[in-house]
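Engineer: Give the three-dimensional model of this entry:
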Amino acid sequence: QVLLQESGGDSVQAGGSLRLSCAASGLNFEIYNMAWFRHSPGKECERVAAISGSGRATYSADSVKGRFTISRQNAKNMLYLQMNSLQPEDTAMYYCAARPPWVATDYAYWGQGTQVTVSS
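Structural biologist: From the prediction side, this is the model:
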């Protein structure tokens, strides 16, 4: 059974930082492409960052580029999202997701999410 468990969400003031973590189990983590998504009421779900299995290739949405950094530690089956210069518009539930390399776009596994709230 694949399990993705996020942690690290919190309430912070604008300009602050948070580091989200995602612990993965039940899959061959190092071959899976991983991503962080976020969703807030009234907005579409947004993929904010993604990373290849090796960690050599990354993607960041324009909305977070230069502020958020995705990384992974395959030896520990861990995925991270370092979030700096947080703004109120970053308020959302953040989810980690896993996509096997033989699937082009769909993320097969999702965590339960961790809430990030940024106040002005």
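
Engineer: name the element V118 belongs to?
Structural biologist: Here V118, judged by DSSP states H and E, is contained in strand 114-119.

Engineer: That strand - which strands sit beside it in the sheet, and in what orientation?
Structural biologist: Strand 114-119 pairs in its sheet with strand 11-13 (parallel), strand 92-99 (antiparallel), by DSSP bridges.

Engineer: Could you say which one of the ones you listed comes nearest to V2?
Structural biologist: Set against V2 and scored by Cβ to Cβ, the strands paired with strand 114-119 come closest in strand 92-99, at 7.1 Å. C-beta coordinates here come from the backbone N, C-alpha and C atoms, glycine included.

Engineer: Give me the contact list for that closest one.
Structural biologist: By Cβ atoms under 8 Å, 6 or more residues apart in numbering, the list of residues contacting strand 92-99 from outside reads 2, 4, 6, 9, 20, 22, 24, 27, 29, 32-40, 43, 46, 48, 79, 81, 105-116.

Engineer: Check stretch 57-66 too.
Structural biologist: Contacts of stretch 57-66 (Cβ under 8 Å, 6+ apart): 35, 46-52, 68-70, 83, 89-90.

Engineer: Grab the most central residue of this protein for me.
Structural biologist: Closest residue to the average C-alpha location of the chain: W36 at 2.3 Å, with Cα atoms, centre = their mean.
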